[in-house]
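S.K.: Got a sequence here, can you model it:
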Amino acid sequence: MKISLSTIDRYFEAFMHFAVVETDSSGKNNCLIAASYVGLETSVRAISAGIIESREVQIESKATYSRSTKDKYRRIERPIGLGDVVHGMVLNSRATINGLEEAGGQGDAYIFASDGDLQKAFGEHISSRFGLPNEWLYQYEFLFRKYLKPLQIIRNPMTTMWDALQVVKLSISEEEVLKIVSRAIQDGYLEIPQSIINGTYTKGMNMQEYLRANASILAEKLNEKQPRHTPSQTLHPAIGQMKRIPFPAQAHMIQGLVNTLKYENSVFTCSDMGTGKTIQSIGVAHVMHEQRKNNGSKRGTAVLISAPGITIPKWAKKEIAGTVNAKT
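M.R.: Model (predicted):
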């Protein structure tokens, strides 16, 4: 099964893995939500670029498909073997799929269950996106079923990877989610799990009294939590290659922030004025850029700085230019 792109003087084709298509109510417009394919590097990159540029692609000479112009799309290309063959993938930025960024905020989302377990994939999406408990993971799909639209999947019968793939479109607002969950709790469909209470609390306790009374329990809980980084662990070499070397405490804080961003979408650093929050943020961006370079990326790393206008010139001239090689 082939996926192809034709221009005035060129023709590109690749071996198709799968395509996910959304058809409107008229049944005439086929919107390409995602496509996965393998082929020569030139063909794969041309097809990816064509889809991103809203050009039509053809699957098995049967029908033409193009991307949604309302949304942004992402493209991924990875060499296979010695690099003469490349795997390409284009997908809607609202997609939730293994290893890729979660859809968030308001609006529609496309949820991919690569192993066919839609209940699990949907539960993970809805709990992560709206901050709902994981205890109800396998109940969310039934609860929100009327807000889901199954999408068409065109599979290549010659491939077995992701052969159980299911994809649905979720159209719901945060207000609707909270209203439905609240009603389900009141109706008894969602039961709040029992929890073991180990601590002690007496009415009228202040914070110091509470901490003293529960010190041993809190200490056990803290011991169970492994920190992202400790001063006894090594630092990324890029920290020592900055024009202005951070102090040890700042360097270890940079490493801790970088490690945390591997698992979380955001991280906060808090300290007194003048203790190095600026160099920490620059150091984090520098380390993440060097990590991307080591992984073969040839692109730069863009960083958005949000700060009071009076501090931006100082950051650009003194802090950034004096710390790392970067353009502002």
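S.K.: contacts and neighbour counts: CA atoms only from here.
M.R.: Will do.
S.K.: where exactly do the strands run in the chain?
M.R.: 2-6, 11-23, 30-40, 57-59, 63-67, 73-80, 85-92, 95-96, 109-113, 148-150, 152-155, 166-170 (DSSP state E).
S.K.: For these, could you give me a markdown table that also reports distance to His252?
M.R.: Formatted as a markdown table, the strands of the chain follow (distance: least, CA to CA, whole Å):
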| stretch | distance to His252 |
| --- | --- |
| strand 2-6 | 49 |
| strand 11-23 | 44 |
| strand 30-40 | 40 |
| strand 57-59 | 49 |
| strand 63-67 | 44 |
| strand 73-80 | 33 |
| strand 85-92 | 37 |
| strand 95-96 | 33 |
| strand 109-113 | 37 |
| strand 148-150 | 45 |
| strand 152-155 | 47 |
| strand 166-170 | 41 |
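S.K.: would you turn those strands into a markdown table with distance to Gln226 and mean neighbour count?
M.R.: Formatted as a markdown table, the strands of the chain follow (distance: least, CA to CA, whole Å; neighbours: other CA atoms under 10 Å):
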| stretch | distance to Gln226 | mean neighbour count |
| --- | --- | --- |
| strand 2-6 | 47 | 20 |
| strand 11-23 | 40 | 21 |
| strand 30-40 | 38 | 22 |
| strand 57-59 | 49 | 20 |
| strand 63-67 | 44 | 19 |
| strand 73-80 | 33 | 15 |
| strand 85-92 | 35 | 22 |
| strand 95-96 | 28 | 24 |
| strand 109-113 | 31 | 23 |
| strand 148-150 | 38 | 16 |
| strand 152-155 | 42 | 17 |
| strand 166-170 | 36 | 21 |
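S.K.: Just the pLDDT for Ser297.
M.R.: Listed pLDDT for Ser297 reads 82.
S.K.: no, scratch that, I was asking about Glu102
M.R.: 52.
S.K.: who touches Asp85 in this structure?
M.R.: Careful, residue 85 is Val and not Asp. Each residue near Val85 by CA atoms under 8 Å, 6 or more residues apart in numbering is listed here: Val38, Gly39, Leu40, Glu41, Pro79.
S.K.: What's opposite it in the beta bridge?
M.R.: With DSSP bridges as the criterion, Val85 is bridged to Leu40, Ile80.
S.K.: Counting neighbours, what do you get for Val267?
M.R.: Val267 has 11 neighbours, counted by other CA atoms under 10 Å.
S.K.: which residues touch it?
M.R.: Going by CA under 8 Å, 6+ apart, the list of residues near Val267 reads Leu257, Thr260, Leu261.
S.K.: now Thr230: how far from Met288?
M.R.: Thr230 is 19 Å from Met288, where distance means CA to CA, to the nearest Å.
S.K.: Mind checking which of the two has more residues around it?
M.R.: Met288 (17 against 13).
S.K.: Asn29 and Glu56 touch, don't they?
M.R.: No: taking contacts as CA atoms under 8 Å, Asn29 lies outside contact range of Glu56: 11.8 Å.
S.K.: Would you map out the domains in the chain?
M.R.: As assigned by automatic domain parsing, the chain contains the domains 2-187, 196-225, 237-320.
S.K.: quick one, which of the ones you listed is nearest to Lys327?
M.R.: domain 237-320 (8.6 Å; CA to CA).
S.K.: so how far is the closest one off the chain centroid?
M.R.: 20 Å (CA atoms, centre = their mean, to the nearest Å).
S.K.: mind checking the end-to-end distance for it?
M.R.: Start-to-end, domain 237-320 (CA to CA) is 19 Å.
S.K.: any residues touching stretch 225-236, and which ones?
M.R.: With CA under 8 Å, 6+ apart, stretch 225-236 has contacts from Ala251, His252, Gln255, Gly256, Asn259, Thr260, Val287.
S.K.: Compute the number of surrounding residues for the third one.
M.R.: For Gln255, the tally of surrounding residues (other CA under 10 Å) stands at 23.
S.K.: Please verify my assumption that it contacts Ile282.
M.R.: No: with contacts counted by CA under 8 Å, Gln255 stays clear of Ile282, the gap being 11.9 Å.
S.K.: Let me have the strands of the chain in JSON lines, extended by mean pLDDT.
M.R.: Below are these laid out as JSON lines (pLDDT from 0 to 100):
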{"stretch": "strand 2-6", "mean pLDDT": "92"}
{"stretch": "strand 11-23", "mean pLDDT": "93"}
{"stretch": "strand 30-40", "mean pLDDT": "93"}
{"stretch": "strand 57-59", "mean pLDDT": "91"}
{"stretch": "strand 63-67", "mean pLDDT": "87"}
{"stretch": "strand 73-80", "mean pLDDT": "91"}
{"stretch": "strand 85-92", "mean pLDDT": "94"}
{"stretch": "strand 95-96", "mean pLDDT": "86"}
{"stretch": "strand 109-113", "mean pLDDT": "93"}
{"stretch": "strand 148-150", "mean pLDDT": "95"}
{"stretch": "strand 152-155", "mean pLDDT": "93"}
{"stretch": "strand 166-170", "mean pLDDT": "95"}
